[in-house]
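Novice: I'll drop the sequence and a predicted model, then ask my questions.
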Amino acid sequence: MKRFAEILSAIFIPLFAPTYLCIIILLFFHDMTGLRGLPQELIFVLLTFLVTCAPPFLVVYLLFRIGVIKSLSLEHRKDRRIPQAVGCLNYLWITVFLEMRFGSAHIFSVVMLSTTSLVFLI
């Protein structure tokens with residue numbers, strides 16, 4: 001049972017929320033996206049994953065390698081401060097980019113704005 005909980009915890013970490021939301025939007029609200037065809041949709045999901053997940057993962061790994069944090073699982077609260085700040089800044093940058101590119105009424109801008117707000121609150 002503990003293993004099952006660990007698997008669920010790994011799948012549903014908040015870092016994956018923008019990617020999951022993009023997939024849900026593409027599945028249920030396709031007309032609101034402006035994307036045409038499966039190749040564009042796959043590229044968009046892949047880019048969403050790369051820009052929202054890769055930088056925080058990379059920062060955690062680099063901080064671990066240079067000894068700033070004690071473990072990759074971020075068990076200690078003190079170890080989570082820098083990765084959380086980097087994640088917040090990354091989400092903020094993406095939100096500003098989407099706002100400038102698509103405007104505040106576009107569905108992806110709204111999703112990233114709400115996700116960024118939640119990340120800042122955590």
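Specialist: Done, it's in.

Novice: And the strand or helix carrying Trp93, what does it pack against?
Specialist: Assignment of secondary structure by DSSP states H and E places Trp93 within helix 81-102. Helix 81-102 sits against helix 38-65, helix 107-121, with contacts defined as 3 or more CB pairs under 8 Å, 6 or more residues apart in numbering; DSSP states H and E. To be clear about C-beta, it is placed using only N, CA and C from the backbone, and glycine gets the same treatment.

Novice: Next one: the residue nearest the centre of the chain from Gly87, what distance?
Specialist: Nearest to the geometric centre of the chain sits Thr52, at 3.7 Å (CA atoms, centre = their mean). Separation of Thr52 from Gly87 (CB to CB, to the nearest Å): 9 Å.

Novice: Spit out the residues that contact the two alike.
Specialist: Common neighbours of Thr52 and Gly87 (criterion: CB atoms under 8 Å, 6 or more residues apart in numbering): Leu15.
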